[in-house]
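>>> Take this sequence and fold it.
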Amino acid sequence: MVPHLITALTGPINELEQRVLDSMPAIERWFRLEWMEHTPPFYTSVDIRNAGFKLAPVDTNLYPGGWANLTPEMLPLAVQSAMAAIEKICPEAKNLLVIPENNTRDTYYLANLAQLKRIFHMAGLNVRIGSIDPDVKEPTSVSLPDGDSVLIEPIVRSRRRLGLKDFDPCTILLNNDLSTGVPGILEDIHEQYLLPPLHAGWSVRRKSNHFQSYEEISKRFGKLLGIDPWLITPMFNKCGAVNFAEGDGMDCLTTNVDALLGKIRKKYKEYGIGEKPFVVVKADNGTSGLAIATVREAKELEALTGQGSAQMSAMKEGGRAPVRDVIVQEGVLTNERIDQAVAEPVVYMMDRYVVGGFYRVHAGRGSDENLNAPGAGYVPLAFADSTRLPQPGAKPGASAPNRFYMYGVIGRLAMLAASYELEATDPDAEVYD
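You can find the predicted model right below:
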């Protein structure tokens, strides 16, 4: 279900947490019924913000690159989930090819590849890493700080299949978000399983589509729990055809920022919340934590135009591209701290299972700012001792509740939204009249 991990939260259980914990049987049944109708993404990570009065996802990644942050204790869960996922998709699988991001020498990301390889090897597969980067022309081994190493080999494309010089995989796992577009070498592959599918990449995906799906799901889930869906949902608007350098489309953006701030103020007043509302303006497609700005008043948008427009350009694979499509998202505070530094939980999932998580921590950022930025650190969540697991029927205070459970619930809601989103954008979907 959801592993019992120790969160940084302190203090009494709040009303929202208690409602989620008390509704565990109904929640798990609800998810089981959803997964009977919908296919989960192969793997997913979700960034979550907990403001105390509100708990919501702020980003959902279908090509998670932080597997190295999972502790050794989490590996058995990841391996079991990997086995379940592979058995469902390709039970006869023997060889798995992992395709990483291009142009990476980042040892943190390479450690992520080593961990992925470890997980799928323990799940019973032969695993190799093959790059679609045209600059990779021969096998290259890179040493990692922990003494491990990663071998990256050049991809070989035949007429119908993708593989390595002496390695023919039946399944291909993308760990490349395709934000610069789908390269031809990955197109028209019909004899092998490509996971996730190409339309899960940022060349097709839009955050506004994802959060539209999430909003619809949260309304039904809120009805199940008897809560206002706003408590688990970030409101949002979107703007297209914005040019920060030239100042084009800024009227649309100003109007949307003003409107959303007004909606947030209304909600804060309804719940007696004394915090100052803010929104986050960011690219509607993935940018690895770049092209993000916190805005508390619409007039602050002026600082993002002209010379300030560099902040709103996305950098990927060595290039910088201006952002055109923008999502304006309700800002959610985070009230979690690790050693006085602002922190937000990141939940990792494979297939429909929560396998672990960690905190993203940034000492130089405030509770209303984006933490996925240079200078961020990562702190693994530890497993609770078995003696601290919640016991059904125990008196209050006699056992520690699994506070990570609610993060697992929000993470799975976002994963389900991604499933809906991928169904809606599937170019090969069957259409019934």
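>>> and Glu423, what element?
helix 404-425 (DSSP states H and E).
>>> same check, this time on Val20
Per DSSP H and E: helix 15-22 holds Val20.
>>> got the buried residues for that helix?
Burial within helix 15-22, assessed by neighbour count using 16 or more other Cβ atoms under 10 Å, is assigned to Leu16, Glu17, Val20, Leu21. C-betas here are computed from N, CA, C, even on glycine.
>>> Just name the closest of those residues to Glu421, please.
Val20 (23.6 Å; Cβ to Cβ).
>>> Name the nearest residue to that closest one, sequence neighbours excluded.
Distances taken as Cβ to Cβ, 6 or more residues apart in numbering put Met406 closest to Val20, at 4.5 Å, once the chain neighbours are dropped.
>>> Just put the buried residues of helix 15-22 in TSV and tack on distance to Leu225 and pLDDT.
Output for these, formatted as TSV (distance: Cβ to Cβ, whole Å; pLDDT from 0 to 100):
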residue	distance to Leu225	pLDDT
Leu16	9	88
Glu17	12	87
Val20	7	91
Leu21	11	90
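>>> ok, of the residues you listed, which one's closest to Glu297?
Leu16 (28.4 Å).
>>> next SSE after the helix holding Val20?
helix 24-37.
>>> any idea of the angle that next one forms with helix 404-425?
For helix 24-37 against helix 404-425, the angle between stretch directions is 20 degrees (axes from the mean of the first three to the mean of the last three Cα atoms, to 10 degrees).
>>> May I see the buried residues of helix 24-37?
Within helix 24-37, the residues that count as buried by 16+ other Cβ under 10 Å are Met24, Ile27, Trp30, Phe31, Glu34, Trp35.
>>> helices or strands next to it in the packing?
helix 207-225, helix 404-425 (3 or more Cβ pairs under 8 Å, 6 or more residues apart in numbering; DSSP states H and E).
>>> Can you give me the pLDDT of the closest residue to Leu194 other than its chain neighbours?
Spatial nearest neighbour of Leu194, excluding adjacent residues (Cβ to Cβ, 6+ apart): Ile172 at 5.1 Å. pLDDT recorded at Ile172 is 96.
>>> Identify the residues contacting Ile172.
Contact analysis of Ile172 by Cβ atoms under 8 Å, 6 or more residues apart in numbering lists Leu96, Leu97, Ile99, Leu162, Ile189, Gln192, Tyr193, Leu194, Leu195.
>>> Do I have it right that the third one meets Leu174?
Right, Ile99. Yes - here Ile99 reaches Leu174: they are 5.2 Å apart, a contact under Cβ atoms under 8 Å.
>>> picking that back up, kindly present the helices and strands packed on helix 24-37 as TSV, with separate columns for mean neighbour count, mean pLDDT and distance to Glu300.
Putting the helices and strands packed on helix 24-37 into TSV (neighbours: other Cβ atoms under 10 Å; pLDDT from 0 to 100; distance: least, Cβ to Cβ, whole Å) gives the following:
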stretch	mean neighbour count	mean pLDDT	distance to Glu300
helix 207-225	19	97	21
helix 404-425	23	95	28
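>>> Please identify which of these is closest to Pro374.
Here helix 207-225 is closest among the helices and strands packed on helix 24-37 (Cβ to Cβ), at 21.4 Å.
>>> What are the contacting residues of the closest one?
19-20, 23, 26-27, 30, 57, 59-60, 228-229, 231-234, 236, 238, 282-286, 325, 327, 329, 413-414, 416-418, 420-421, 424-425.
>>> Now do the phi/psi pair for Arg105.
Dihedral angles of Arg105 (phi, psi; degrees, to the nearest 10) stand at phi -120, psi 10.
>>> Then the one 10 residues further on?
Recorded main-chain torsions at Gln115 are phi -70, psi -40, according to degrees, to the nearest 10.
>>> Contacts only, for it.
Going by Cβ under 8 Å, 6+ apart, Gln115 touches Trp67, Ala68, Leu70.
>>> repeat for Pro64
Per Cβ under 8 Å, 6+ apart, neighbours of Pro64: Tyr43, Thr44, Ser45, Tyr348.
>>> Could you check how far the first one is from Glu37?
Distance of Tyr43 to Glu37, computed by Cβ to Cβ, to the nearest Å: 20 Å.
>>> try the last one
Plainly put, Tyr348 is 24 Å away from Glu37 if you go by Cβ to Cβ.
>>> Let me see the backbone angles for the nearest residue to Val242 once chain neighbours are set aside.
Of all residues not flanking Val242 in the chain, Gly249 sits nearest, at 3.7 Å (Cβ to Cβ, 6+ apart). Backbone torsions of Gly249, given as degrees, to the nearest 10, read phi 80, psi 10.
>>> is it true that Gly249 touches Ala241?
Yes - at 5.0 Å, Gly249 counts as touching Ala241 under the criterion of Cβ under 8 Å.
>>> More neighbours: which of those two?
More crowded of Gly249 and Ala241, by other Cβ atoms under 10 Å: Gly249, with 17 against 10.
>>> and the more buried one, what does it touch?
So Gly249 contacts Cys239, Gly240, Ala241, Val242, Asn243 (Cβ under 8 Å, 6+ apart).
>>> What separation is there between it and Leu304?
For Gly249, the distance to Leu304 - Cβ to Cβ - is 12 Å.
>>> Then Ile129?
38 Å.
>>> So which residues of the stretch 151-300 of the chain form strands?
156-157, 162-163, 171-174, 193-195, 236-239, 279-283, 292-295 (DSSP state E, counting those that start in this stretch).
>>> and among those, the most buried is which?
strand 279-283 (a mean of 25; mean count of other Cβ atoms under 10 Å).
>>> Show residues contacting that one.
58, 207, 253, 257, 260-261, 264, 290-295, 301, 304, 312, 314, 323, 325-331, 370.
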